[in-house]
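Trainee: Quick one, fold the following:
(chains A and B)
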Amino acid sequence: MNTYLPWIMLVLLGAYHGINPAMGWLFAVGLGLQEQRRGAVVSAFAPIALGHALSVALVVALLGILQQIMPAGVLSMISAGVLLAFGAYRIATSAAHPRWVGMRVGFRDLTAWSFLMSTAHGAGLMLAPLLLQFNTSGPVHTHGAHAQHILAAGMGLPSTQLLAVGLHTAAMFAVMAVIALLVYEKLGLHLLRRAWFNLDFLWTGALLLAGVLTLFNASA
Amino acid sequence: MTTWKPDPTFYPSPQMAMEAPREQLAYVAVINPNNNGRPDALAVMDVNPQSSHCGQIVNRVEMLHPGDELHHFGWNACSAALCPWAPHPHVERRYLLVPGLRSSRMYIIDTQPNPARPRIVKVIQPEEIYKKSGYSRPHTIHCGPDDIYVSALGAPDGNGPGGIFVMDHKTFEIKGAWEKERGPQQLAYDFWWHLTQDIMLTSEWGTPNMVEAGLNPELLLGSKYGHQLHVWDLRKRRHLQVLDLGAENQMVLELRPAHNPNQTYGFVGVVTSLKDLSASIWLWHRENGQYAIRKVIEVPAEPADPDLLPPILKGFGAVPPLITDINLSLDDQQLYVSCWGTGEMRQYDVSDPFHPELTGSVHLGGIVRHTNHPNSGPLNGGPQMVEISRDGKRVYFTNSLYASWDAQFYPEGILGWATMLDVKPAGGMALNPHFFVNFGTERPHQIRLQGGDASSDSYCYPNA
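Mentor: Prediction:
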């Protein structure tokens, strides 16, 4: 597989997570409208992105550790199993809503909310097949280009882990910010009624697809 | 039940709800007080002016047991599903939760696929409500951002405390009591919230044992009925503050917070004052981080010939107005006030909530007046449960209160009716001469409008 492809996918999935209203842009818009100022929209971005990054980092770190202690094939099978089970769980049950949150939230509340929403939606989990690529694309780095060494190294390397979380979150942040400001400044709330497609269907589909891909990679 | 696009009847802001198409159908809780073994019903009322059946009951769903005493009811989901911290707009406003106030039984009624032909799809028996919530006598239903919230008058044994329990908006499973820390709160009745402030408010009537046998004059004269509001932290589920209206103000009932979510005030009605039998409307408002309350409307009692009064009022020689329900239009401009004793519906301009102005009055029924509708003979009962269309142009109301209390104030036996007012664009209102629904010996109570009304939804995004 192309060395850069997993990284591009990581960025695209970041953008995809940014599009989902449940991941934060809608909350930023709501806070801005409540306070009647754009500053309130903008200041919600950082904690929301931070919460998302922490949720993704959790999965990245976990996979990094597991890669050290078990064969890649076994880890892929386990990841695939978790993804498929989580996807099936989301189909079988309606996701519960966080109960402790409200509309008056500070930086810490918003970070915790975003972390919980991302984790409950399996945002980090969805990245698992890509993250595992960094190890299984091993043959590429024997070709020797220096930059590819880092990119193709195993997830155990902290620099690779940070880069993965950082790139994904940067993409999520950018898309969230653009949508939130567009809705707040130009498009307005009518958009919620017309264009809010049920991303949950697609989301669950993406989780299941990730599971199948991981399974495919594991057996390949 | 999961959809691709948001339910078209969910609105981000009250203003957007006002711009929506008008209601075609209304659902009415109908009580059968005749002790003849027949159950209560949910009636479907045609309110589409293009229809040849406009102003008629086009269908009715009978409950499965007699004696439930239907009262208030509400939707499984509404505009609050758009709230940004728990967005889940792909559920449907589809099921009506219809509790029996006396039986503590709850019916789940499906209004799809044909809204004119709703049907019962689930019954929650009283024992299940007792066991899972610790409460009984469910009253107000509000669809919240996360769950369905239900207020209840008391404990299963009929004493206090009353409170709130929560239910899942898809499975209708009872999740348990809502309060984590109730402070001094014992009495319950209505509740609502300021969603964007994380504030809930609850009001006080009396425990089941204080109200079910009728209004108890001893308890009333001893100021034992409710005279307080309670302010709660909606997030932490903790009691924050008591707003005491004074012990002489007996029975603090319907709560109507401003719909626009960047406002922090609302109105509540008081049934009667022990001082002079007047009724009143109070305004709560946020002030220096706390809530404060003050009286903004007082409606005096009307002197009357004792011969014309029921036994409970003979000694007073006057008819109390008895404000039993109020409702606030979605633009927060008009407040409608039901005076069930004197038989009057009032309209106030509350654009300045601290200084309401009386802008309209219509008499119908009443303990002494018995005012008739252009389409009827003399009427009894009086304007009671009142509902406003989303666009604020039509006001629907019915005439019964609660069977054992009906019998004290209208001992001749209330004959049920529902009617409608047309609101004048420049202020004021007039009875619609054509719209009069006669329920005979049955009694209509709360009305809910298809697609939401002025007391069914709460909004998380302010008007543009």
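
Trainee: Helix, strand or coil: sort out A:L130 for me.
Mentor: Secondary structure, DSSP: H, G, I helix; E, B strand; the rest coil: A:L130 is helix.

Trainee: Where does the prediction get shaky in the chain?
Mentor: All of this refers to chain A. Where chain A drops to pLDDT under 70, the residues are A:1-2, A:94-99, A:135-157, A:218-220.

Trainee: um, chain B though
Mentor: B:1-2.

Trainee: 80 instead?
Mentor: Scanning chain B for pLDDT under 80 picks out B:1-4.

Trainee: ok, which stretches of it are helices?
Mentor: B:14-18, B:126-133, B:208-211, B:217-221, B:311-314, B:403-409 (DSSP state H).

Trainee: Make CSV from those helices and add mean neighbour count and distance to B:E179 to it.
Mentor: In short, each C-beta sits where N, CA and C put it, glycine included. Converted to CSV, those look like this (neighbours: other Cβ atoms under 10 Å in any protein chain shown; distance: least, Cβ to Cβ, whole Å):
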stretch, mean neighbour count, distance to B:E179
helix B:14-18, 22, 28
helix B:126-133, 17, 11
helix B:208-211, 21, 18
helix B:217-221, 12, 25
helix B:311-314, 14, 34
helix B:403-409, 19, 28
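
Trainee: mind putting the ones you listed in JSON lines, distance to chain A included?
Mentor: Below are the helices of chain B laid out as JSON lines (distance: least, Cβ to the nearest Cβ, whole Å):
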{"stretch": "helix B:14-18", "distance to chain A": "7"}
{"stretch": "helix B:126-133", "distance to chain A": "16"}
{"stretch": "helix B:208-211", "distance to chain A": "29"}
{"stretch": "helix B:217-221", "distance to chain A": "37"}
{"stretch": "helix B:311-314", "distance to chain A": "44"}
{"stretch": "helix B:403-409", "distance to chain A": "37"}
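
Trainee: quick one, which of these is nearest to A:S79?
Mentor: Closest of those to A:S79 is helix B:126-133, at 38.6 Å (criterion: Cβ to Cβ).

Trainee: Need the contact partners of that closest one.
Mentor: Helix B:126-133 is contacted from outside by B:103-106, B:135-136, B:138, B:152, B:156, B:165, B:174-177, using Cβ atoms under 8 Å, 6 or more residues apart in numbering or on different chains.

Trainee: Tally up the residues packed near the closest residue to B:L379 other than its chain neighbours, please.
Mentor: Among residues not flanking B:L379 along the chain, B:G365 sits closest, at 4.1 Å (Cβ to Cβ, 6 or more residues apart in numbering or on different chains). As a burial measure, B:G365 scores 28 neighbours (other Cβ atoms under 10 Å in any protein chain shown).

Trainee: Am I right that B:G365 is in contact with B:Q384?
Mentor: No: assessed by Cβ atoms under 8 Å, B:G365 is found out of contact with B:Q384, at 9.2 Å.

Trainee: what do the two both touch?
Mentor: B:N399.

Trainee: quick revisit: of the helices of chain B, give the one that comes closest to B:N59.
Mentor: That would be helix B:403-409 among the helices of chain B, by Cβ to Cβ, at 23.7 Å.

Trainee: if we can go back for a sec, how about the contacts made by the residue nearest to B:L379?
Mentor: Counted by Cβ under 8 Å, 6+ apart, B:G365 has contacts B:343, B:371, B:379-383, B:399, B:417.

Trainee: could the helices of chain B be laid out in TSV, adding distance to B:P303?
Mentor: TSV is the format used below for the helices of chain B (distance: least, Cβ to Cβ, whole Å):
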stretch	distance to B:P303
helix B:14-18	41
helix B:126-133	44
helix B:208-211	28
helix B:217-221	20
helix B:311-314	11
helix B:403-409	17
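
Trainee: For the one residue in the stretch 151-300 of chain B that gets nearest to chain A, which residues are in contact?
Mentor: Closest residue of the stretch 151-300 of chain B to chain A, Cβ to the nearest Cβ: B:D198 (3.5 Å). Each residue near B:D198 by Cβ under 8 Å, 6+ apart is listed here: A:102-104, B:233-235.
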